[in-house]
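# Predicted model and sequence follow; I will ask about them next.
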Amino acid sequence: MFIGVDQLRHDAIWPHKALPVETPNMDRLMRGGVSFGRTYATSPLCTPSRGSMLTGDYAFTHGMGTNCDMYHALGRELADPGRLLHHDLGRAGYRCGFVGKWHVGVEKGPADYGFEGDVPPGYGNLAGTDAFKSYLEDNGLGYTIEPELYFNPGRQTLAAGRWRGPQRSTPCHFQSNQIIEMLEGYRSGDAPFFATVQYWDPHGPHLISDEFHRSTDRSRIVPWPNFADDLSGKPRRVKRERDDFYRLHPRTQDELVAYIGYYCDHVAMLDYEIGRLLDYLEASGLAQSTLIVFTSDHGDMTGAHGGLIDKGLPYEEAMRVPMVFSHPDLGSGERSGLALNMDILPTALSLLGVAFAPRQAIDLSAQIRDSGAKGRDYLLAEYHGLRFLYSQRILVSDDNLKLVFSPGDLDEVYDLARDPHEMDNLAQRPERADDLVRLRLALMKETARHGDPLRDCVSKFNGRWRTGSGQFDATAVFEAGRAGS
């Protein structure tokens, strides 16, 4: 059972909770299993991260580096859909079902690849489907939208407001009904199953149902420690995107607290629905025999770093996500090794004893079974742009150093142990030159090892002009010809 959510910060729930939102259900899920406290999104963006979670490959391999429905999309459908994880499970006799957000192709949805379930392709809009409208009509439910906050002048870019209706009238409640109905059908059969529900929540706009509107105590919300960041030492595009793309982003602490409050209310709505699903799994007896995996596709800036909004940024708020593997035989506890949310595929299949082809993701099952098992020395993440094409690579070391490589702008280095809020870019500090060299060498090795198309750029920007990337090299050709003569 793979429970996925959209844009959930790692610090919204246990064990790293920094927000006053009540999340008893996600907290019990995290506490009851083996969690990875340093899990990163493979990319801080929906489509590439979702494609990676479902294939175990980086986006530069599965082909969908940007959101698939953008005008500049790098890929509109998966390059090799045979890599989707449910094919391995299907060959092992599993029934495979999908509920919720797909966003891994604009024309083909899960059913086109053999999943059970009625899920629209692309980003999807559950509220616009006939099934949701019929559900409302059959149950005498209705709602209206009352906007309360916009990110741009002229009532543009809706940020938050009220979903004037009960929780039962929301798409996330309907999603919970759908996955419970699917699980009930699987429970009555003889075959093992893989089922996933991918909630759209708490992705904005934050439209809060009657039961949860202002359910979070705003007086307990503390402004982010990096809200005063003037963005000096960060690439120029960060400030421009904050100031020009979201012109009404939070500028005062009161505005920030108000916006964080909406986010918290939305997280509380989501937590309620996940609680319904967990209660069903326990009451039905499925929890005793089902591996439950939970994570998010990426995080959310939520006004950090001086008012940054949304995702698509290499900072911890958008990159860090919760991740847990829960089964009665696995025990519980937090693991300190570096993990990517795309590690779900090889880890889950390994725990289930299902054979699978090698992936770029790694199998975390040894760390799950043994808290002392060694994990990654370095973690590589990628970003290819959201509103425009923009290549970046993110490297995190096991000793908590972080390099953000931006070939068209400034590089960034942060000491996450000393500076967890990433205020102090160390890339130009002479006293940290050895760290910069080490991180750059590691980035060259990681991009080369994974066949990253950016590896030639990474190497040449850092002084290694013969990279072995396979790209045409006139010098090598000339020297080969001279040697032949």
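It's in.

# quick one: the strands in the stretch 101-250 of the chain?
144-152, 156-164, 193-198, 206-208 (DSSP state E, counting those that start in this stretch).

# Out of those strands, the one nearest residue 235 is which?
Closest to residue 235 of those is strand 144-152 (CB to CB; 21.2 Å). (C-beta placed from N, C-alpha, C; glycine too.)

# The closest one pairs with which strands, and in what direction?
Paired neighbours of strand 144-152 in the sheet (DSSP bridges): strand 156-164 (antiparallel).

# In the strand it pairs with, which residues are buried?
157-164 (16 or more other CB atoms under 10 Å).

# Same list (those) but as a markdown table, adding pLDDT.
Shown next, in a markdown table, are those (pLDDT from 0 to 100):
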| residue | pLDDT |
| --- | --- |
| 157 | 98 |
| 158 | 98 |
| 159 | 98 |
| 160 | 98 |
| 161 | 98 |
| 162 | 98 |
| 163 | 98 |
| 164 | 98 |
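
# Distance to residue 264 added to those, as a markdown table?
What follows is the buried residues of strand 156-164, written out as a markdown table (distance: CB to CB, whole Å):
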| residue | distance to residue 264 |
| --- | --- |
| 157 | 20 |
| 158 | 18 |
| 159 | 14 |
| 160 | 11 |
| 161 | 15 |
| 162 | 15 |
| 163 | 15 |
| 164 | 19 |
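
# quick one: which of these is nearest to residue 67?
residue 157 (16.6 Å).

# returning to that earlier point: of all the strands of the stretch 101-250 of the chain, which one is nearest residue 113?
Among the strands of the stretch 101-250 of the chain, strand 193-198 comes nearest to residue 113, with 12.7 Å by CB to CB.

# Sheet partners, orientation included, of the closest one?
Strand 193-198 has these strand partners (DSSP bridges): strand 2-5 (parallel), strand 95-100 (parallel).

# May I have the longest one as CSV, with CA atoms only?
Spelled out, that is strand 95-100. Output of strand 95-100 as CSV, limited to C-alpha atoms (Å, rounded to 0.1, in the frame of the first residue of the first chain):
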residue,chain,number,x,y,z
ARG,A,95,-3.2,-7.1,-8.8
CYS,A,96,-2.3,-3.4,-9.2
GLY,A,97,-4.5,-0.4,-8.6
PHE,A,98,-4.1,3.3,-8.8
VAL,A,99,-6.2,6.1,-7.2
GLY,A,100,-5.6,9.8,-7.3
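
# And the contacts of that strand?
With contacts defined as CB atoms under 8 Å, 6 or more residues apart in numbering, strand 95-100 is touched by 4, 86, 89-90, 110-111, 114-117, 119, 124, 126, 175, 178-179, 182, 186, 189, 191-200.

# So which of the residues you listed sit within helices?
86, 89-90, 175, 178-179, 182, 186 (DSSP state H).

# Against which helices or strands is the lowest-mean-pLDDT helix or strand in the chain packed?
Within the chain, confidence by mean pLDDT, DSSP states H and E is lowest for helix 474-484 among all helices and strands, at a mean of 72. With contacts defined as 3 or more CB pairs under 8 Å, 6 or more residues apart in numbering; DSSP states H and E, helix 474-484 has no helix or strand neighbours.

# Walk me through the domains of this protein.
2-377, 391-484 (automatic domain parsing).

# How far off centre is the first one?
Averaging C-alpha coordinates over domain 2-377 and over its chain gives two centres that are 6 Å apart (CA atoms, centre = their mean, to the nearest Å).

# ok, now the shortest one?
Centroid separation for domain 391-484 versus its chain: 24 Å, with CA atoms, centre = their mean.

# Okay, now the unreliable bits of this structure?
468-469, 477, 484-485 (pLDDT under 70).

# contacting residues for the residue lying closest to residue 257 once chain neighbours are set aside?
Nearest residue to residue 257, sequence neighbours excluded (CB to CB, 6 or more residues apart in numbering): residue 221, at 4.7 Å. Under the criterion of CB under 8 Å, 6+ apart, the neighbours of residue 221 are 19-20, 257, 260-261, 264.
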